[in-house]
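Enquirer: Okay, predicted coordinates and the sequence, questions at the end:
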Amino acid sequence: MITDLHATLHKNFGFREFRPQQEEIIKRILSGKDTVVLMPTGGGKSLCYQLPALVFEGLCIVISPLIALMKDQVENLRSNGIQAAYLNSSLRQDEEKEIRQLLMQKSIKLLYLAPEKIFSPGFLQFLHALDVKLFAVDEAHCISNWGHQFRPEYSQLDILKTEFPETPIVALTATADNAVRSDISDKLNLTNPRTFISSFDRPNLSLSVLPGIKKWEQLVTILERNKLQAGIIYCISRKSTEQLSEKLKKRGFRAEAYHAGLPAEKRHKIQMGFQNDRVQIICATIAFGMGIDKPNIRFVVHYNMPANLESFYQEMGRAGRDGLPAETILFYSYRDVQVQMKFIEDIENRSYKKIRIEKLKRIKEYADAQVCRRKILLSYFNEYLSADCGNCDVCENPPTYLDGSKLAQVALSAIHRVKENATLTVLIDIVRGTRSRDVVQNNFHQIKTFGAGSQISVFAWQLYIQQFIQQGYIAVDYKDHSRLKLTPLSKKVLFEGETVRVVNFDTIKERQEKMRKKPVNVQSFNGDVDEELFDRLKTLRNKIASELGKPAFFVFSNAALKDMSMRKPTNKNSFLEVNGVGEFKAEKFGERFIKLVSDYMNSSNKSEVDLFS
């Protein structure tokens, strides 16, 4: 099979060069060998099977669990003139019948399926009647019991190798630890697979963790900094997505809740609104995979801590897929850990429970970190940075320390005097001298240390006690209603005078002020980009998308428009040089964009700078 892969890449996708590892992966797939691909969100996983599908004579079947993502990817392929379709529960019977007819006529190159479709009556028999040349299993981590998004229907996909032993399989995921990687190969019964692992580093994403106290005030500051920018806020429940989106609307933000409990029609409407920038902010459930392919998301906020680093990495990875700066923010509190531990306590399988606890510990390490967060995050995926990243909150504002020994003695003494019968909230009431109901009912207001830390704010005590827990001076008994207990290290502070260092922290007001002064994540232009032309190109792109009733990326991505504003193409040949412009799009949209550029150049009386000769 002799094919000029670079020519195919440019003709169909408009790119002149492959991203790292893509070409090697594609060549292996084209040689008919099973392959596992671990590549971060925005790293170009989809191209690894989409391009082989165009080279193969027959059909490529893509297994995907996300209906929204299926639709986006099919739209994207069709926008490049590639014959693609999907079959899932969102289609009417007559629509499915039409697609089946096109498949029998060999008029489709890529078919996206929900995994359960494979096992519907008679469907395997139907697949045997087609010329299937490749199976691509997307979101392959769903096959593992130990994965963060296990789906039972994925565990039955070993039938693909049984029914089609000669057809190569490529399994793709954006996040998987070693155990999950092994599961992917084993459960799909892959034959001598080779695993390709790309760097998980996304240097354009800034990483920050904020205290989960007065979250609303901090969130508003973040959003006001990112006015008119697109973003996602992840919440822990459907109800909280709806409550938060309503609060945001009242504050003047174009926000919508998005979760699995909404009718399909409403989800689709919200999704299209987000794609076309009519909706600015999506409030989504942590567990619900949105699958929205929107390159210009400038911020992702986790309003609640996820259960593990895999989920966190995958969700934060939806920011900045266009390669431009974006920020990721995690709100973190002791309460989040309590909630996650409550979920874990309900798990009956002891092995699974142990793994969940270990995964929770790792995301706690990330949230608690006083060293480069990117180092901690990447080390989880067995990737190690030799230097600090310079683009996380710890690197930008290295911690300073103070002697917290007296504070620790007050807290530990109070725990001892109430016979280890206080939660974090009650302990803070005791040391601050607050006569809350729990304090009075248990006579805690009569102990010697009642009010001994009254000059310290609730916010400060929460952060200090959290640090005492991190350092092992206090333990949390999650089985005993999260009451605080003393540890062997507690005695060293209480009776041996051990020094306790704690991180000095900014107050909420100080944090908000720093957040306001932080540079806004807007389009990052270099000196060669004509910002005025870029804005005009974007307006035209959005107008065409609206005329077609399609998302904006269906026409051109922001990255393509950025390159267009640099190159200033005034004829078809120079238009085809734009990164992201293939032959199909040049034929379909070229005339209007070339005219706009030409008119702009003439009206501005500007001569084109020949940067690319």
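Expert: Looks like it arrived, so ask away. None of these values were measured; they are calculated from a predicted model.
Enquirer: tell me the secondary structure for Ile329?
Expert: Classification of Ile329 using DSSP: H, G, I helix; E, B strand; the rest coil returns strand.
Enquirer: tell me the contacts of it?
Expert: Ser208, Val209, Leu210, Ile222, Phe299, Val300, Val301, His302 (C-beta atoms under 8 Å, 6 or more residues apart in numbering). The C-beta positions use only the backbone N, C-alpha and C, and glycine is treated the same way.
Enquirer: Return the member of these nearest to Lys359.
Expert: His302 (15.4 Å; C-beta to C-beta).
Enquirer: ok, that closest one - how many residues close by?
Expert: Close neighbours of His302, defined as other C-beta atoms under 10 Å, add up to 26.
Enquirer: Can you verify Glu348 is assigned to a strand?
Expert: No - Glu348 is assigned coil when assessed by three-state DSSP, not a strand.
Enquirer: Arg356 versus that one, what's the distance?
Expert: In this view, Glu348 and Arg356 are 12 Å apart by C-beta to C-beta, to the nearest Å.
Enquirer: More neighbours: these two, which one.
Expert: Set Glu348 next to Arg356 and count neighbours by other C-beta under 10 Å: Arg356 wins out with 21 against 6.
Enquirer: Correct me if wrong: that one contacts Ala307.
Expert: Yes - the pair Arg356 / Ala307 is scored as a contact, 7.0 Å apart, by C-beta atoms under 8 Å.
Enquirer: Can you check which residues contact both of the two?
Expert: With C-beta under 8 Å, 6+ apart as the test, Arg356 and Ala307 both reach Phe343.
Enquirer: Only alpha carbons, please: show the helix or strand harbouring Glu256 as PDB.
Expert: In this assignment (DSSP states H and E), Glu256 forms part of strand 255-258. The C-alpha trace of strand 255-258 is given here as PDB (Å, rounded to 0.1, in the frame of the first residue of the first chain):
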ATOM      1  CA  ALA A 255     -24.500  30.200  31.500                       C
ATOM      2  CA  GLU A 256     -26.400  26.800  31.100                       C
ATOM      3  CA  ALA A 257     -26.500  23.600  33.100                       C
ATOM      4  CA  TYR A 258     -25.600  20.400  31.100                       C
END
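Enquirer: starting at the chain centroid, how far to it?
Expert: Put simply, strand 255-258 sits 17 Å off its chain's centre (C-alpha atoms, centre = their mean, to the nearest Å).
Enquirer: That one pairs with which strands?
Expert: strand 281-285 (parallel) (DSSP bridges).
Enquirer: Show the subsequent helix or strand relative to the strand it pairs with.
Expert: Next in sequence after strand 281-285, counting helices and strands by DSSP H and E, comes strand 297-302.
Enquirer: Distance-wise, check the residue nearest the centre of the chain relative to Asn226.
Expert: Central residue of the chain (C-alpha atoms, centre = their mean): Glu315, 2.0 Å from the mean position. Distance of Glu315 to Asn226, computed by C-beta to C-beta: 17 Å.
Enquirer: pretty sure the residue nearest to the centre of the chain contacts Leu205?
Expert: No - if you go by C-beta under 8 Å, Glu315 and Leu205 don't touch, sitting 11.7 Å apart.
Enquirer: Report the residue spans of the stretch 1-150 of the chain with pLDDT below the cut-off.
Expert: 1-3, 146-148 (pLDDT under 70).
Enquirer: Go ahead and confirm Met414 touches Ile447.
Expert: For residue 414 the amino acid is Ala, not Met. Yes - assessed by C-beta under 8 Å, Ala414 is found in contact with Ile447 at 6.8 Å.
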